[in-house]
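K.L.:
Predicted structure and sequence below. I'll ask about it afterward.
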Amino acid sequence: MVAADQESFFATAPPLGDAVAVAAKLQEFIARNSSRSHPSEGGGRRRIVCVTSGGTTVPLEQRCVRYIDNFSSGHRGAASTEYFLKAGYAVIFIHRRGSCQPFCRFLPDDSFLNFFDITTESKVQVVESHTTVVKKAIGEYSKAIEGGSLLKLPFTTIFEYLQLLKMVATSMSSVGLHGMFYLAAAVSDFYVPWDSMAKHKIQSAGGPLDMKLSQVPKMLSVLRNQWAPLAFCVSFKLETDSEILIQKAEMALNKYKMNVVVANLLATYKEEVVVVSNGERNTIRRCSKDEDLEEHIIMLLEKSHSKYICSSADACSKN
Ligand code: PMT
């Protein structure tokens, strides 16, 4: 049933406009980074992580005027990408267009122009008080892009997101144990299938809108079992009710055979997460607003990924 649902989702989704170009970029990125070594103790092959970030939209019309959105600024995915790069991972960053970007988290959105001064008639420069943060951001971003360690792939709709995830996951199957999925994007649970969606703008003259949404097939089990069976998989669990959070995270861990589930509550997700893995629960809290929770999450995950690679490689060599 699940397999049929996910097949029908992909069969009826509008195809990605730039699928051929994305596939070529991906192949090149994975081949280049797989041939490098990882800077962790003992070296080994370079690790590649796919970070997903931002919320997916559900269009209500094919020529979309209205859509349903999912809560997510993309901050967690962007910050995590920075820390994965620091830890020596190559990162495929699947992100919502217009959401928070790595190395740009400290740059303002609304007061962007406050960052600049006109010095002479033809020159604009960054104001003194912001030069340190801008220089740091440019330096780190350029290093990641020019060094070929960061590939950014944008999405808006649930159709684009899941097609990109499938493409990345199947391409990353060659990376085996050294691949990781870090699924921080807020993914729609309900959608309107493309073939039953209104083509043009829904008219208000018809009175109140009565609409039945279908369930988006969960892709975690397909990711685990078919697309990238050897990868280290980290999914997120977002709830608003603290009473059910850990229980739901543990359910996801077992049902989808994730290696780790990061559980967070909407009210406190910036301050605290619980990292749930087989037999362990680690609560990570940030001590001050200047601290990034993500730095601690990534440190913990890097260690768990190292253990996973060693224990799985041992198991393979014994068989
Ligand atoms: O971006 P920020 O503003 O910093 O916020 C970060 C965050 C709160 C969005 C992030 O920490 C977070 O919790 N992301 C996951 C949100 C989410 O979709 O939770 P969920 O409990 O609905 O889904 C659980 C998992 O199932 C997710 O990893 C998702 O990738 C996956 N899923 C969901 C729906 C679906 N149809 N298929 C899926 O595979």
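P.N.:
In hand now; what should we look at? Given the structure is predicted, the values throughout are model-derived calculations rather than measurements.
K.L.:
Would you mind naming what in the stretch 51-200 of the chain lies close to the ligand?
P.N.:
72, 73, 74, 75, 76, 183, 184, 185, 186, 187, 189 (Cβ under 6 Å from any ligand atom). Any C-beta I mention is one placed from the backbone N, CA and C, and that applies to glycine too.
K.L.:
Mind picking the two most distant members of these?
P.N.:
75 and 189 (21.5 Å; Cβ to Cβ).
K.L.:
of the two, who's got more company?
P.N.:
residue 75 (18 against 13; other Cβ atoms under 10 Å).
K.L.:
Residue 276: how many residues sit nearby?
P.N.:
22.
K.L.:
Do I have it right that it meets residue 253?
P.N.:
Yes - if you go by Cβ atoms under 8 Å, residue 276 and residue 253 touch, sitting 5.9 Å apart.
K.L.:
any shared contact partners between these two?
P.N.:
260, 261 (Cβ atoms under 8 Å, 6 or more residues apart in numbering).
K.L.:
what residues are up against the closest residue to residue 271 other than its chain neighbours?
P.N.:
Closest residue in space to residue 271, ignoring its immediate chain neighbours: residue 286 at 5.7 Å, by Cβ to Cβ, 6 or more residues apart in numbering. Taking Cβ under 8 Å, 6+ apart as the contact definition, residue 286 lies against 270, 271, 272, 292, 293, 296.
K.L.:
Give me the distance between residue 286 and residue 124.
P.N.:
Taking Cβ to Cβ, to the nearest Å as the measure, residue 286 and residue 124 are separated by 36 Å.
K.L.:
Check residue 76 too.
P.N.:
Noted for residue 76: a distance of 32 Å to residue 124, by Cβ to Cβ.
K.L.:
now residue 95
P.N.:
Look at residue 95 and residue 124: by Cβ to Cβ, they are 28 Å apart.
K.L.:
Give me the more crowded residue out of these two.
P.N.:
Taking other Cβ under 10 Å, residue 95 and residue 124 do not tie; residue 95 has more neighbours (26 against 10).
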